[in-house]
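J.: Coordinates for the following, if possible.
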Amino acid sequence: QNQSENKNTKDHASPTDKQTATSNSKHEKLIIYSQIATVFVIGGNYYDSSKKAVFATNSAEFYSSGSDTWTYMPPMNKSRNGAAAAVQANKIYVFGGQERNIYGGTSTVEEFDPNTNRWTLRAEMPHKRQFANAITLNEEIYVFGGPDTESKSIMDIYNPSLNIWRSGPTVPTRSNVFKISCAAENNKIYCPSIGEYSYTLIFDPTSNKWSSIPTDGRISNSALTWSSNEQKLYAPSFEGNNMLNEYDPMTDTLISKTIGNYIHRSYDGYGVVPLDYSILLIGGTFASRPVKDVYVYNFFNSKSWAKTSPLSLGRSSAAVVTLPISYTGKAINTLGLGSIGGLITRNGIPVAGKKIMLTSPPDGYTVNSTTSTDKNGTYTFVALQPGLYRIGVEQEDNSNGYSIPTYKGKQEVQLGKGEKITDYNFDTTKPF
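T.: Here you go, the predicted model:
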């Protein structure tokens, strides 16, 4: 494949490819049951039909559930494929990737702020990377892996609020980490087994150390995502089979499920991302060309993959993330918006990594947003319209349930225009 660096902010996609895709009778509309969220697909490779070659692009698009379409959004500053992406404080961060038609990663970092609808170049990574992992934990982003010899065993840790980098511990080199996709849960990073390896790598930021445990199973591909609703890690596979690999970090078990409705294709370079109670498989390469295909697997109403609204542009090796916001492609007017936050403790001790859910009564089922407490046990929901809200705190038994604490004697809080509530606190050992 050929990749080309874009020297300005104009993306490489040909005009004929820039039509927004819409659903038709052959596509199954993505059903979002409760959570307000937006899926973003950023950069990657695309096929230029006029030049009959594959190039890197800086273009990006997002999925709007209301209109069931993929729509273009502002492009990145630089064209890249194989970049890693992570989310912190409802902003998107894109790390590294391949910019030129030569093998090797870059150290470029860009931030997208939906409030301003702009991309901003941030402090470059200490090491060049492509096809790396970027995992958010405790308000920092851990970047590691990638096939680049100088960086694949090195962990770089980014603080978005300070825009600075620090060094992390050495990643076990025997893991061949550029082939492993990882995800965060229980305030740790999990990297399930892959290929010829039969163990799971675990990084604990508290001890700042890596460890490994045997795993009875293997993941045969390298695209992994975490479903907060199912509390498990998932990795689809279409390389000669039609499997959905499921890893439960609480029990350290990995199983492979045969999924119906075989897609009859051997994909690579696709992205996997959760959306409420579904998993999306986005783009990829088939017959040496990036494709627009998007498939959805829903945990509730299906046991097979269904084809849904296609991308605006065929992409492979793109960065994919989900934000718990309703994004329209325009800058968000934050004037008059408020926030709700507080402290979560256990016997008076702050709890890090605790899941928090924000809902809108009276029905209590419309999830506005989800977040987790930081290393100090605090959480904040920002950019909220005036109205009635309720929070849910993940239950102590690690079930999928949430406890509803009270605020000044009530289970709801009335947020005024521009009001900032900072004392919606809860101790998990006390009655609600």
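J.: show me where pLDDT drops low in the stretch 101-250 of the chain?
T.: 101-103, 148-152, 173-180, 193-199, 214-245, 247, 249-250 (pLDDT under 70).
J.: now the helices for it?
T.: Assigned helices in the stretch 101-250 of the chain: none (criterion: DSSP state H, counting those that start in this stretch).
J.: all strands for it, in order.
T.: With DSSP state E, counting those that start in this stretch, the ranges of strands along the stretch 101-250 of the chain come out as 109-113, 118-121, 133-137, 140-144, 155-159, 164-167, 183-185, 188-191, 199-204, 209-214, 225-227, 232-237, 243-248.
J.: Tell me which of those lies nearest to S49.
T.: Smallest distance to S49 across those (C-beta to C-beta): 26.6 Å, for strand 118-121. No exception for glycine: its C-beta is placed from N, CA and C like everyone else's.
J.: Could you report the distance from R166 to I154?
T.: 12 Å (C-beta to C-beta, to the nearest Å).
J.: Have a look at those two and say which one is more surrounded.
T.: Between R166 and I154, counted using other C-beta atoms under 10 Å, the more crowded position is I154 (20 against 12).
J.: and that one, what does it touch?
T.: Residues in contact with I154 (C-beta atoms under 8 Å, 6 or more residues apart in numbering) are H127, F144, S167, G168, T170, V171.
J.: which of those are buried?
T.: Buried members of those, counted by 16 or more other C-beta atoms under 10 Å: H127, F144, G168, V171.
J.: Pull up the gap between the first one and E139, please.
T.: What that stands for is H127. 22 Å.
J.: Let me know how buried the closest residue to G283 other than its chain neighbours is, in neighbour terms.
T.: Closest residue to G283 in three dimensions, ignoring its sequence neighbours and counting by C-beta to C-beta, 6 or more residues apart in numbering: R315, at 4.2 Å. Counted with other C-beta under 10 Å, the neighbours of R315 add up to 32.
J.: so what's R315 up against?
T.: V41, G43, G44, N45, Y46, T57, I282, G283, P290, K292.
J.: redo that, cut-off 6 Å
T.: G44, Y46, G283, P290 (C-beta atoms under 6 Å, 6 or more residues apart in numbering).
J.: Please name the nearest non-neighbouring residue to the first one.
T.: Taking C-beta to C-beta, 6+ apart as the measure, G44 lies nearest to A318, with 2.9 Å between them; neighbours along the chain are not counted.
J.: thought that neighbour was touching F40?
T.: No - A318 is beyond contact range of F40, at 9.6 Å (criterion: C-beta atoms under 6 Å).
J.: For those two, indicate the residue with more neighbours.
T.: More crowded of A318 and F40, by other C-beta under 10 Å: A318, with 32 against 23.
J.: out of the strands of the stretch 101-250 of the chain, deepest packed?
T.: Neighbour counts (mean count of other C-beta atoms under 10 Å) averaged over each of these peak at strand 140-144, with a mean of 25.
J.: strand partners of it, parallel vs antiparallel please.
T.: Here strand 140-144 is paired, per DSSP bridges, with strand 133-137 (antiparallel), strand 155-159 (antiparallel).
J.: Quick check: which of those is nearest to S360?
T.: Closest to S360 of the strands paired with strand 140-144 is strand 133-137 (C-beta to C-beta; 25.3 Å).
J.: what comes into contact with the closest one?
T.: 84, 86, 88, 95, 141-145, 182, 184, 189, 205.
J.: thinking again about what came up before, dump the strands paired with strand 140-144 into CSV; add distance to G341 as well.
T.: CSV is the format used below for the strands paired with strand 140-144 (distance: least, C-beta to C-beta, whole Å):
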stretch, distance to G341
strand 133-137, 18
strand 155-159, 20
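J.: right, so of the ones you listed, which gets closest to T406?
T.: Taking C-beta to C-beta, strand 133-137 is the member of those nearest to T406, at 29.7 Å.
J.: Dump the closest one to PDB, keeping only the CA atoms.
T.: What follows is strand 133-137, C-alpha atoms only, in PDB (Å, rounded to 0.1, in the frame of the first residue of the first chain):
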ATOM      1  CA  ASN A 133      -2.400   1.400  22.100                       C
ATOM      2  CA  ALA A 134      -3.700   4.600  23.800                       C
ATOM      3  CA  ILE A 135      -5.500   3.900  27.100                       C
ATOM      4  CA  THR A 136      -7.100   6.400  29.500                       C
ATOM      5  CA  LEU A 137      -6.600   5.900  33.200                       C
END
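J.: Direction-wise, compare it with strand 109-113 and give the angle.
T.: Angle of strand 133-137 versus strand 109-113, following axes from the mean of the first three to the mean of the last three C-alpha atoms, to 10 degrees, is 50 degrees.
J.: follow-up on the earlier one: tell me which of the strands paired with strand 140-144 approaches T328 most closely.
T.: Closest approach to T328 among the strands paired with strand 140-144 is made by strand 133-137 (24.1 Å; C-beta to C-beta).
J.: any chance of the strands of the stretch 101-250 of the chain in CSV, plus distance to K417?
T.: Shown next, in CSV, are the strands of the stretch 101-250 of the chain (distance: least, C-beta to C-beta, whole Å):
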stretch, distance to K417
strand 109-113, 22
strand 118-121, 26
strand 133-137, 31
strand 140-144, 33
strand 155-159, 32
strand 164-167, 35
strand 183-185, 35
strand 188-191, 40
strand 199-204, 43
strand 209-214, 47
strand 225-227, 35
strand 232-237, 40
strand 243-248, 44
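J.: about what we covered before: roughly how far apart are the residue nearest to G283 and A56?
T.: R315 is 10 Å from A56, by C-beta to C-beta.
J.: got the contact list for W165?
T.: Neighbour list for W165: P126, D156, Y158 [criterion: C-beta under 6 Å, 6+ apart].
J.: Same question for T170.
T.: By C-beta under 6 Å, 6+ apart, the residues touching T170 are S153.
J.: next one: L384
T.: By C-beta under 6 Å, 6+ apart, the residues touching L384 are L337, G338, L415.
J.: Helix, strand, or coil at the closest residue to the first one other than its chain neighbours?
T.: It refers to L337. Closest residue to L337 apart from its sequence neighbours, by C-beta to C-beta, 6+ apart: A383 at 4.8 Å. Here A383 takes the strand state, with states given by DSSP: H, G, I helix; E, B strand; the rest coil.
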